[in-house]
Each structure stands twice: as structure tokens, then as C-alpha cells.
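*Asks:* Quick one, fold the following:
(chains A and B)
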Amino acid sequence: MIRFEDASFHYGGENGTGEGVDHINLTICDGEVVVLCGASGCGKTTITRMINGLAPKYYKGMMEGAVWVNDICVTESELSETSRLVGSVFQNPKSQFFNIDTTGELAFGCENQGVPGEMIGERLKKTETEMRLGPLMGRNIFELSGGEKQQIACGSVYTTDPMVYVLDEPSSNLDRKAIQRLHDILMKIKKEGKTIVISEHRLYYLMDLADRFIYLEDGIIQKSYSNKEIAELTDRDLAEKGLRLTDLSELKREYDKNEKLLREPILEAVDLNCAKGGNQILDIARLILPKNSVTAIIGDNGSGKSTLSEALCGIGSCDGSIAYDGVYLSAKERAERSFMVMQDVNRQLFSDSVIEEVMMNTSVTREKAEQILEKLGLKEVIDRHPASLSGGQKQRVAIASALSAGKEIIFYDEPTSGLDRGGMERFGNLLKDMGEEITSVIITHDPELILRCCTHILHIENGRIQAFYPLNEDGVTRIRSYFTSENDENTSKTRKKYGVMGRVLKYTGKWKKYVFAALVFMIAGALCGIVPYLGIYDLLCKIVGGGTVTLENSMVDIGIVLGFGILNAVFYTIGLQFSHRAAYHTLENIRISLQEKLDNQPIGTIHDLGIGSIKKLFNDDIESVEVMLAHVIPEGLSDILVGGAVFLALIAVDWQMGLFSIIILLFGIGASRQMYEVGMDRMGSYFASAKRLNNTIIEYVSGMEVVRIFNRDAGSEERFEKSVYDYRDFGLAWYKVCWPWMALYGGLFANIILYSLPLGAFLVLMGHLTMTRYILALCLSFALSPVLISALALIGTLPRVDYKIQSVEKALDRPLLKCGNEPFDVHEHSIEFENVRFAYKGDEALKGISFKAKEGEMTALIGASGSGKSTIARLIAHYYDHDSGVIRIGGHDIRQISLSDLEKEVAYVSQELFLFNKSILENIRIGRQDASDEEVKAAAIKAGCDEFIRELDGGYDTIVGTAGNKLSGGQKQRIAFARVLLKDAPIIVLDEVTAFIDPENEKKMNDAIQEIIRDKTVIVIAHKLSSIAKADKIIVLDKGSIVGTGKHKDLMKHCEMYRTLWNAATESRNWTLRRQQYK
Amino acid sequence: MDFYGSDERGLIKLDPRTKFFIFLASGIMTFRSYSDVGTALYSVLLCIIFALCGKPIQALKASLLLGLVLFFRVVLQNSQGAPEVIVLLITALTTVFMFGFPTVMSLLLIVKTTRISQFLSAFQAMHFPVKVIIPIAVFFRFLPTVTDEWNGVRKAMAFRGISLRPVQIILNPWKTIEYILIPMLFSSMAVMEELASATMARGMDVDIKRTSYEQVKFGITDLVMVILLIGAIIFTTILGNSVKGGTVL
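*Replies:* Residues are numbered from 1 along each chain as shown, chains lettered A, B, ... in the order given. As a prediction, this is how the structure comes out:
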């Protein structure tokens, strides 16, 4: 029980937010959940601090009255005493951890309370499983995203198992799934009979949880609402009190019908890639942001939102090309033209006063700066120190500084976390007003803000663009369903760190020792390659020393030169043998692991990738690993090691010449870096033009047919030419800046001898160096050049190989299909859709579909093209994971059924038919592997394909061409249908199976369908309405929604859409008949 | 620089007290040893310990650097005919490096392989006054915080056209320092204040009896290490100097 006895508290000095609270009288019973709500500065946080004792024990101030938790007066008792009873979660996730590692942090509270070690272990286990923190255990706290940190904070309190939980805005940094998890965990804590006090702006997730809402205003309790009472408050009442929405499904947006949602692009990003420590964080093929739009970036915690925006505005490292206003810019240039308002705005205020801050490093006049400040409502604080302002004001100062610097794009990182309704609305309106002249991008988890001011939504998941859509009417329903759908999975991933080499070596498996063996031999070989120079040195010494050189006394030296030359070749060959053996076995391993990954991918992902890029992946990209393993690692490493050794020897021979060579080498490295730097600036447009060229070629070739049949399309040729020229020009521009540097470092590396020769001669003349040493140094320099050049060449390929390996790894590093291993006991075979939403990319294909297809019935799906019919079929076959809602097959959630069980259950004939390059018999047998020849033929007869098969030259044994070239579309459809008949699965989904079939065969097939549906669930998609008029249930779809359900007769009566479709179908049939009559 | 301390991958796990002892020993060694060989051997020993504690790559880098500097030093001292001034200068520089190496290495060993909880647990077991332990623990926490803040401030600077190029820093040293310090201070201050309140609300206090989840034990490896180090100290301070091995190389 918590008891406030006429408690008042006022902060002394500059502490915390708000003024304090007055005369609080409040009793919170055991097991009660109480929410403190009210505008910012109303005293919510102060009350939580009075419960956990921080006021007045840590925050000093005027305290009157007393606060009791059970029979302890927390106002008087020590904080360590209070902490046994009260567990606290604070607002700011980054400043509430004492430890640096997560596990230590979770245990921290218990340790302070003196809980024995073993018991802490048990509690940790409990917290880990109950709160699903598995992926976050044993991690560096500074690596976690804000939301992940907040989860750890909740977890660490849960571990101490206090009587009272005090949470100060725990949801402010959480994504919707994490909020759901927070909600569930609070529910659990409540069930355990604990008392919970939450100070919070977001109310909607607490509606079924809280028993009481206490509304505060200016430090005084104004009113206490039950959850029913607060749910009844209208939006206007809430707005007056500065409270946020209580029900997200009420989210609305006032439309401006004239609002232009399609605008010209301001920002374009192509091939964005970002990997940290070998983990793919971003993988974006193309992203375009419209000019003067307000785009909200949404997505789960840790999905790459911040990384993306940092890359776009040029402060984060990232591969790819980014253009502002059509011009590709380097990171530095982007940072000059954009701005980011960070979550911790303290970090970006540099000056002593607001006006100085706004004018710093800009060319604006004082009047202009004042104007900007006035517009942002900062006129009164113009001379104050930025640090003395409130959080919202600081934020606006940062915005003002961006405006005065003339930035084009402003990014905001969770700008409204912890803002009350008023603050949120003010911010939203500000963005809306600025929308005319500036482009804004907001990372946010705040649906209210999105609906208030955003024009576009960018949905990021796993570092990839899930969707980008304008916030029109459809967009609003979509975003609402995004925030209200129930989903509590935790997408946090444990990230392992690997370098390029580590990543490749990971795949070598048991062949790793071969790589090392190769390395050893290559080093030995390279060393042997140097020894001959020593032999030459010896020979030269003899000459210089004035002795006579005879064949006999030079035999040894010649032997050394020859012998080590041969050894060099031998070792090198052995090394190469080892390295290639390892390399090709590794390629095998990688291909196998890729294939395994491919098997568990949604068919949709594979379609998205396209056959071309998968082929490229399996062949070309993996091949590049061979270069890495067979050459770069062993040769490059041995060259570097040996090169280093030679350098050391050179220094040992004569440090001056050694040092001089090093200086030359450094110059060379400097030149290559300079090339890299100037090259990188132009690399963006070069790569982009390469990509454009690629696309144009594909378009040109695939459009060839159309172009030839119809007119020669001058446009397409022009486009082709232009992109070829572009590619040439950008390529040349790139080379042009690189050339001089390339020549410079090439010359420096290849000819070190050229520089050390005169220097050595000078030293010899000066008497600092003996002749023999000079010769030795020269010989070493000779030996050095080839090693350096080959090392350089291989090091140069490293980034390219890295890029290839990354593309191999990222290609299939996508979320797998969700399927469980739940035993699938079959009782019935109905199909049920419950409010299913799904989008391929871009617009939603299904917008909340609900229906049930019963066993023994034929359910027909009809509608215009693009209404979502085939999408439903694909979802039943689990080609894709749906976005929200539930699909049940036989009463089981489709996400719990294993793919093999589902495969037994469902037979699906899609519109895209594929016949393997085998005999027709085998092609039909795919339906059921163990079927006998007779069964196959029986199925073929039923499907009406027996006839034409027999007419073929080879009958059933005719080999079908890869894509079934020899067969017509209708024949292929019938073969596919025969497969289904053979498979005899309880659920049959037929997508336009009669589309290419002539009327006579169509009748046959319809009869066959009628026959098989008796004890099965059949879903038919058809354009020909006549064939489905007899269906038990017809579902009429329009633009992804169901507009009518029922039998033919009912629909004719009630469904406008169906009538139109039907009439159109019958009319066209009549029309054909009449034409025939006239003839 | 990553300040996340962890010895999870280590072959041996040293007690934090041992690591502090190593730090102490390094201090004594550098001040008492006048022998190149002694210091070099000791530095190599530190690198090996660092590698064994789970940081092989960093240890390798450190020992390569050490080897390179030593090589230079030896070559230079034995070279003939080189200008005196340069030899003297480079010798002095390498001496400073070798003087600092053990201390820096052992500090890194503490910071990079010790978790705060291990540290607290070890020193509480020795009944160290909490008033001494907590500030050291806070120092651990402060290093990554400052790094984190610095990363943020650096990014913010990019937008404001504040250049961190050497030229700018040399031209406007005070301005640059101001631009770095003001946001760092205000931001760190806010973090530290909230951190202190959070820590206290979680029950950390000077006069409490803590337990620990991770029992840190002073094991055989620690004993071996300490004996080894004591031996090394005795050798260098007493024997090493009496041998007068200052110019062994």
C-alpha cells in the first residue's frame, strides 16, 4: 500500500522538471495499477520520485508531509532501504545503467539487496524467459538501441521482484511490439499482486491494465478517473486536458483533398549498403523521398532506422550513392545540406546564447535570425543560454539553427518521445507549416504525430524497405492497422562480429587447416624468392672486394640462386594447391548453406530476387570467394609478411636507406589513399550510371519484341544511347581524377630502387656506408618491389571481394517464413481468414480480408484484375507471410504449421505453370511421388489431357522442354490439374485453371472439379463467371477488400459489383453470338 | 575505442585484483628496471597475458608495435656513422615508449577484460571501503559514456560546419575546444546526474552489504600470475640492478 499524507515537494535549485507538487493525498492499494497523467510539468515525475524516495533523498528541496510504502516512511528512510520495496524504471534509457554489460545490469539490483548469488542466477533465468530477453543477454549496453535499453531497464526491475513498481514513461522509446510486450509483462506483474504506478503520456496501451487514472494539473491532483470514465472522454476533452489518445483505432487525419502527394524527388538513394562488423544493417536498392514532404520512418527497434537516416544525411558510413536534387553528393556535402535533430539535443548546442547559436557559421543577418526565432516562438529567450531552456525549446533552437543555415532536409530522431499532447501537437504543426519549404524526415514510434503532420510513410524492417506509401486514405488505414495489430515478437538479434577474413574462414569448416597450410607454404615460397638476391649479393661482393671470380668459387652462389629459385616455385605451387583445394571445398560449403537458406525463404522473396540475380549469386558472387581464399588470404598475407621482413632487414643493413624507403612507401600509400578519397566522391554517380545502364539494357532487350512489331521506338534507342554515354562519361570522369594518383603510387612502389640508388651512392661517397652494405641494400630493394606490387594488387581487390561476399551473405539474410513445428492433427480442412492484411511492396494488396471456406464446399473468388484474388491463393499456400491478421487452416494458425505438413494439406495450381524437363508422365507424378503409372494415367484422363498426350510423338514419355515449349497454355494447365488430381490433397486452390482452355475441355475440367470437391475444400479463382455460378459461396473482391459474399442469386440481388461483373460477362458472350449470327 | 570489458573468450580468467596487482607491478617495473631486456621481456609477458584473457588480436597488434620499436632502437644503437643528434632523438623517443608501454598495457588489461560487476565483487570480497570502489567503478562507466557523447557531438559538428581538421584546430584552438567542451559537458552532466539518481534508486549505497551474481574467485592462475610478477619485480629491482644490465644490448 502506498499512502501520501498531505505531501508537498518543491525542488530547490535547478533540478528536474516542473515546479513540484502540492498537498497530495493519495492511497494506492496493493495490487492496484495507477496511471499518473497530465501535461508536461504537471508533477507526474515528481510523484514517482516521492514514491521511490529520490525526492527528497536525492533531489533536494522542500518536503512537507510524508509518503508511506507499507509501513515504511520512504520520505525518511534510506534509499537503499526503499529500493527493496520499490523498483523504478526511468524515462531516459541511456542514463539508468550502472553496468556496461546487460547481464550485469539485470543482476545489479539483486546484488545491492544482498540476494545470494545462486538465487540471482535463478531470477535472471526467470526474467530472461518471461520477458524474452534472450538475444539481449551478455551484450554491451552501448550497442543497444533505445528501445532495447528500455527493455533491459524493465527487466532489471523485474529481477529484483519488488512490491511496488514505479515507471516513469517507460514506453517513450519503444516500438509497437515492445509496447505490447511491456503491456503483457505489466499484466503479469499485476496478476502477481504487485502494485504498479506509471507516469505516462501514452494511454492507449494502459486502458485494459490500469484501475485508476490520476489526472494532475500544476502539481495538484485534479481528478481521478476509472478506466471506463477515461475511455468515455471524447477527443476534445482529452485535448483540453493535454492528454493523448486512449484508443488508437480512433486515429484520424484531416485531409486536404488538394494535397499533392506525388511530388518531384529531392533525395534519391541507390544501392545503400551498410554493414557493421560483418552484420548487414542496411540493404536498400532504391529510395526516393519527395520534395517538401514530411516522411515518417517507422519500424521496430533496431531495424536500421537511425543508421539509414545517418547515412542519408552524411554522418554515418555507408556504401552506395545518394543524390540530393539529382546530384550525387559525398557524405561531407550531404552533411552541409542537411541537418539532424538528435534525440539528445544537448549535444548539438554549441554557443552561449540562443541568437549566437542560430547565427553560428551562417551568413544570415541578425534580423533574419530573429525572424526565424520568432516564427519558432523563441523570441523571448533570444539571449538566454541554450542549456537553461526546456527540452522542447532546445529542440526548436536546433531547428532554428538548421533553418538559418539554409538546410534542405531536416531529419528528426524520435522528436516527440516524452512530449505531452500539447508539445506533440505544437511540433506537428510546426512541421506542417515548414512543409512548404523544407523536407522533413522523422524517425518515430508515435502514431499521433504521424497522422498530424506526415505526408509519407517509410516502413523499414530488418534494414530493408518494407513499404513506402503516401498517407492518403488507404495509407491512414494501413498505418492504423500497423499500430493496432497485435504482435509481440522480439526482433532483436544477437550480432556477431566478423571481419572480411573471419567471415570467409567461417565457411571453410574443416578445410580451414588447408588455408593455413597454404599460408605457411606461400611464406616459405616468398622467403625463398628473396634468398637468390642474397646469392647475387655475395657474388657482387666478391667482385667489388677485388677478388677473382672463378666458376669454382662462385658455384655455391649460383647454386643458391638456382636452388632457391626452384624452391620458390615448388613451395608456391604446393601452397596454391592447398589454397585452391580449400577454396573449392569452401565454395561447396557456401553453396550448400545458401541452398538451405533458400529453401526456407518465402517464395515471394525468391520471386523478388529474380532468377537472374539468384543465378548470379550462386555462380558469380560465390566465385569471388575463390579469389579471396585461394589468392588474397595466402598470397596477400605472405607478401605483406615477407615485405615487412625485407624492410626490417633493409633497416638492419642501413637504417638511413631503410628509412628512406619507408618514406617513399608512405608517399605511395598516401597517393593511393588520396586516389581513394577523390575517387569515392565520384564513385556514387559512376555506380549509379552503371546501374542505369544495366536497367536500360534489360528494358531495351525485353522490349525488343514490341519495338519490332510496332514502330521503332526512337525514345528507347535514345535512352539506351544516353545511358551508354553517361556510363562512359562518368567512368571517364572517375578515372580522370584517379589517373594521376594511380600513376604516382604505381611509379613509387615499382621503383623503390630508383630512389634508394642515388641516396645510397651519396652515403657511400660521404663514407657513411660501406660498398658491400650498399650492394646488399640494393639487392634487398630489388627483392622488395615484386612483393610490394603483388601485395598491393591483392589488397586492392579486398574491398571488391568484401563487397561480393557481403552481397552473398545479405541476399538470403532475410526473415524466414514463419512456420512452427506444432503437430498438425487433421480433423477438418476449412480455411479461415481473419482480418488479413498484406502488401507485396508499396500498396496493400489485401486490406483486412475475413472469410471462411468450409470443407466440402466450393468457394469462388472473383473480382477485377488486381483485386487480390491470387494473393489470397498465394497466402493459403504460404508463399508469403501476411502482415497482420490470422489465417487458419483446419483451425491451426498457418504460421504454426510446418511447411511439409502444409504441403500435404494444400494442392495449389497457380497461374504460372512450370513443367520440368522430364517426361510428361514424371511431370504429372510430381503430384504424388509414389503413384503408379496407371494412377498417373487415370488422373490424366480425368483432367482431360489423356487425349492430346497420346497424340504426341512419344506419348506419355515425351520429354517436355524446360518451360514446356512444346505444349500450349491450355495443355499445360490440364497437366497441372492432373497433378492436383493425383495429389488428392484435402484442400485444393485453383487459380484460373481454365483461362487458356477451349470451351469443350473447359466443360470437362469443370466436371472434374465438381467431382473432386465432394469431400474437399476447394477455392477457385475465375474470370469466367459462368463456371463458378454454381459455387457454394462466392466472394467478390474489389481493391483488396471484400464487397460481397454469398450465392449467385443473393449476390445478383445485393451486390452491385457482382452484378456489373456478371452483366459484363454475359453481354460479351451474347455479343460474340450475335456476331456469328450476322455472318 | 571500445570500452566494453569482457573476458568471455579468454583462456584464463583473472581476478580483477590480480589485474590491479599487474598494474601496480607495471608501475614498479618501469620505475625500477633499467634494463632494456628486462622491460622488453616484461612487456611481452603483459601482451601474452592480454592475449590469454581473450584479446589475442589486440595483444598481437601491441606486441608487433613493441617489436618494431625495439628493432629500431637496437638497429640505431648499433649503427655506425649516423648523425649523433638523430640517434639521440630516436633513442629518447623509443625510451619513452618503452617506459609507458607496461603501464598502458596493464590499464588496457583492466578496462578491456573486466566487467563492472566482477570488479565490484572482487573488491568487496576484500572488504575494500565502498567509498573507494564506487568512484573507480564510475570511472569504468564514464569512459564509454564520454566516447558515446563524443561520437554524438562529432556528428552534430558535421552539420554545423565545425571542422575538426588539424588546420582549423591550430588556427582556432580555443574556439575548437569550446565547441567540443560545451556540448560534451552539458550532455555528460545531464547523463551523470540521472545516472546517479538511477543507481541510488536501485539500492546502491555506501553502507550496504552487496552480494554478487558472478563469484570472482582468486584461483590457481591468479596465484601463478602473482608469484610470477613478484619474482619479476624482485629480479629487476634487486638482481637486475646489481647485474648492471643496462647495456646488455
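*Asks:* lowest-confidence helix or strand of chain B?
*Replies:* In chain B, the helix or strand scored least confidently by mean pLDDT, DSSP states H and E is helix B:241-243, which has a mean of 52.
*Asks:* So which elements touch the helix or strand harbouring B:Ile86?
*Replies:* If you go by DSSP states H and E, B:Ile86 is part of helix B:84-113. With contacts taken as 3 or more CB pairs under 8 Å, 6 or more residues apart in numbering or on different chains; DSSP states H and E, helix B:84-113 sits against helix B:16-32, helix B:36-52, helix B:56-78. Using the backbone N, CA and C atoms, a C-beta is placed for each residue, glycine as well.
*Asks:* ok, A:Leu1025 to chain B distance?
*Replies:* The gap separating A:Leu1025 from chain B is 61 Å, by CB to the nearest CB, to the nearest Å.
*Asks:* can you list the helices and strands packed on helix B:84-113 in TSV and add mean neighbour count, mean pLDDT and distance to chain A?
*Replies:* Listed next are the helices and strands packed on helix B:84-113 as TSV, based on neighbours: other CB atoms under 10 Å in any protein chain shown; pLDDT from 0 to 100; distance: least, CB to the nearest CB, whole Å:
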stretch	mean neighbour count	mean pLDDT	distance to chain A
helix B:16-32	19	86	13
helix B:36-52	20	87	16
helix B:56-78	16	88	5
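*Asks:* between the ones you listed, which gets nearest to A:Arg139?
*Replies:* Closest to A:Arg139 of these, according to CB to CB: helix B:56-78, at 19.7 Å.
*Asks:* Once you drop chain neighbours, what's closest to the residue nearest in space to the middle of chain B?
*Replies:* For chain B, the residue nearest the mean C-alpha position is B:Leu107 (2.0 Å; CA atoms, centre = their mean). Using CB to CB, 6 or more residues apart in numbering or on different chains and skipping the chain neighbours, the partner closest in space to B:Leu107 is B:Phe23 (6.5 Å).
*Asks:* how does chain B divide into domains?
*Replies:* Following automatic domain parsing, one gets these domains for chain B: B:16-117+B:217-244, B:130-201.
*Asks:* Go through stretch A:873-883 and list whatever outside residues touch any part of it.
*Replies:* Here stretch A:873-883 makes contact (CB atoms under 8 Å, 6 or more residues apart in numbering or on different chains) with A:485, A:602-604, A:815, A:817-819, A:831, A:836-840, A:846, A:861, A:887, A:889, A:894-895, A:897, A:899, A:902, A:906, A:908, A:910, A:987, A:989, A:991, A:1019, A:1021.
*Asks:* just to revisit the earlier point, including distance to A:Gly565, could the domains of chain B go into JSON lines?
*Replies:* Shown next, in JSON lines, are these (distance: least, CB to CB, whole Å):
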{"stretch": "domain B:16-117+B:217-244", "distance to A:Gly565": "29"}
{"stretch": "domain B:130-201", "distance to A:Gly565": "48"}
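*Asks:* follow-up on the earlier one: reformat the helices and strands packed on helix B:84-113 into TSV and put distance to A:Leu915 next to each item.
*Replies:* Shown next, in TSV, are the helices and strands packed on helix B:84-113 (distance: least, CB to CB, whole Å):
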stretch	distance to A:Leu915
helix B:16-32	69
helix B:36-52	60
helix B:56-78	54
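*Asks:* Which of these sits closest to A:Leu629?
*Replies:* Among those, the nearest to A:Leu629 by CB to CB is helix B:56-78 (20.2 Å).
*Asks:* tell me which strands and helices the closest one is in contact with?
*Replies:* Short answer (3+ CB pairs under 8 Å, 6+ apart): helix B:56-78 packs on helix A:637-653, helix A:655-702, helix B:36-52, helix B:84-113.
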